[in-house]
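Return a 3D structure for these sequence lines:
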Amino acid sequence: MFRFGAFELDERRGDLPRAGRPVAIQATPLRLLRVLLRNADRVVSKRELVDAVWPDVAVSDASLATAPRQVRLAGSPSTRRAPARCAPSPTTTRP
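Residues are numbered from 1 along each chain as shown. Down below sits the predicted model:
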């Protein structure tokens, strides 16, 4: 479990409550947040982020910019709160 500000990221349950209330966040931004929190003591390279958040997927720079924006929006006080759960990503293999 990661605690920061009024937020708690429960990796086991895959949710992100703020002050005990659910926050709406999609699975990809939640995976990005997990990677960044797990590596808060260092700079995470773009390649590491892509490999961890979008495994086996070709990612454009525009897509790469969208997930951090969604994390910021989820943390915004004006964000509508709704239950957020992140299901584990399906396992895929590279051809």
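
how about the strands in the chain?
2-4, 7-9 (DSSP state E).

just the helices in this protein please.
27-38, 46-53, 61-75 (DSSP state H).

gap between the spatially most central residue of the chain and Asp41?
Centroid-nearest residue in the chain, with Cα atoms, centre = their mean: Leu30, separated by 1.9 Å. Distance from Leu30 to Asp41, counting by Cβ to Cβ, to the nearest Å: 20 Å. The C-beta positions use only the backbone N, C-alpha and C, and glycine is treated the same way.

Next, the contact list for Leu32, please.
Applying Cβ atoms under 8 Å, 6 or more residues apart in numbering to Leu32 gives the contacts 49, 53, 67-68, 71.

ugh, typo on my part, it should be Ser63
Trp54.

quick one: buried residues of the worst-scoring helix or strand of the chain on mean pLDDT?
Every helix and strand of the chain was ranked by mean pLDDT, DSSP states H and E. The lowest is helix 61-75, at a mean of 84. By neighbour count with 16 or more other Cβ atoms under 10 Å, helix 61-75 contains the buried residues 66-67, 70-71, 74-75.

closest to Arg18 among the residues you listed?
Gly75 (7.5 Å; Cβ to Cβ).

wouldn't the closest one be in contact with Leu9 here?
No. Using Cβ atoms under 8 Å, Gly75 is not in contact with Leu9, being 11.3 Å away.

what about this protein, any weak spots by pLDDT?
77-95 (pLDDT under 70).

can you rerun that using 50?
79-95 (pLDDT under 50).

Quick check: Glu48 vs Ala19, distance?
31 Å.

And these two? Which one has more around it.
Glu48 (13 against 10; other Cβ atoms under 10 Å).

show me what contacts the more buried one?
Glu48 neighbours (Cβ under 8 Å, 6+ apart): 35, 39.

where's it relative to Ala24, distance?
27 Å.
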